[in-house]
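K.L.:
okay, sequence plus prediction incoming.
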Amino acid sequence: MTLPSQLTDAFAEEWQRLAKPGATLDGAGRVEVAVTARAAYAGAATPEEPVHQAASTISASPASIREAWVEGIASEIGYPTYVEVAGVVARLTAVDTVHRALGLELMALPQPEPGEPTGEVDPDLRKTSAWVPMKAASVVYALGIVPAEMRAQEIMSGPLYMTYEAMDDPAHPGVITRAQKELVASRTSAINECFY
């Protein structure tokens, strides 16, 4: 079985993003996060460094995450790094899950590109009732303290689910109906113990 071009193109673009420096991590650090996340998912031990602990927990036991845990990790690595790690791991998990579901071999992780972190962080966001600093109480803003991660989340949403614009259209066309998409999404959320 082969993936449709819409997904292969999106995944190739995501691998390019993964290899490049992010807001707080360089390319090598981002790829390391992906290595740790995959190893944790497979049951391997995790290095003690907080960035690796964050990647491991988000990948292998997301249902165990609580606000106090996020605050503890963020006190060591900062909310921007935590959010960058969460974005990298979430998109890696999406790509890997598609491959596992279809019985395909996982994509080899990319070679990191050189360069320093960009430092692109939204300094105006503050933590209120959400577990991380956000602009508004909506999942689309969950990664907003690191604008590049929020943009990457939106880019991947289209091919894997639907674009943000399409979410306003209850009759959004596709291979399956909007109602069917929401049924799959809600069932997946329930299985993953998502409480959003």
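P.N.:
Yep, it's here. Residues are numbered from 1 along each chain as shown.
K.L.:
the lengthiest helix in the chain packs against which elements?
P.N.:
For the chain, the helix with the greatest residue count under DSSP state H is helix 79-101. In terms of contacts (3 or more CB pairs under 8 Å, 6 or more residues apart in numbering; DSSP states H and E), helix 79-101 is packed against helix 5-19, helix 27-41, helix 50-60, helix 67-77, helix 147-160. (C-beta placed from N, C-alpha, C; glycine too.)
K.L.:
what does stretch 134-154 contact?
P.N.:
Judged by CB atoms under 8 Å, 6 or more residues apart in numbering, the contacts made with stretch 134-154 from elsewhere in the structure are 14, 17, 22-24, 79-80, 83-84, 86-88, 90-91, 118, 120-122, 125, 127-130, 132-133, 163-164, 196.
K.L.:
now find how far off-centre that stretch is within its chain.
P.N.:
Computed by CA atoms, centre = their mean, to the nearest Å, the separation of stretch 134-154 from the middle of its chain amounts to 11 Å.
K.L.:
from now on call the first residue 39
P.N.:
Taking 39 as the first residue, the last one we looked at is stretch 172-192.
K.L.:
list the buried residues in that stretch.
P.N.:
Of all the residues in stretch 172-192, those buried under the rule 16 or more other CB atoms under 10 Å are 172-173, 179-184, 186-188, 190-191.
K.L.:
would you mind checking the average pLDDT for stretch 58-69?
P.N.:
This predicted structure assigns stretch 58-69 an average pLDDT of 98.
K.L.:
one step back: so how do I select the buried members of the contacts of stretch 172-192 in ChimeraX?
P.N.:
Buried members of the contacts of stretch 172-192, identified by 16+ other CB under 10 Å, are gathered into one ChimeraX selection as follows:
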select :52,55,60,61,62,117,118,121,122,124,125,126,128,129,156,159,163,168,170,171
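K.L.:
which helices and strands sit right next to the worst-scoring helix or strand of the chain on mean pLDDT?
P.N.:
Using mean pLDDT, DSSP states H and E, the weakest-scoring helix or strand in the chain turns out to be helix 216-229, at a mean of 80. Of the remaining helices and strands, none touches helix 216-229 by 3+ CB pairs under 8 Å, 6+ apart.
K.L.:
got the CA positions of it in CSV?
P.N.:
Coordinates of the C-alpha atoms in helix 216-229 are reproduced here as CSV (Å, rounded to 0.1, in the frame of the first residue of the first chain):
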residue,chain,number,x,y,z
ARG,A,216,-18.1,15.6,8.0
ALA,A,217,-20.2,13.6,10.5
GLN,A,218,-18.0,10.5,9.8
LYS,A,219,-14.9,12.5,10.4
GLU,A,220,-16.2,13.8,13.7
LEU,A,221,-17.2,10.3,14.7
VAL,A,222,-13.7,9.0,14.0
ALA,A,223,-12.1,12.1,15.8
SER,A,224,-14.3,11.8,18.9
ARG,A,225,-13.7,8.0,19.1
THR,A,226,-10.0,8.5,18.8
SER,A,227,-10.1,11.2,21.5
ALA,A,228,-12.0,8.9,23.8
ILE,A,229,-9.5,6.0,23.3
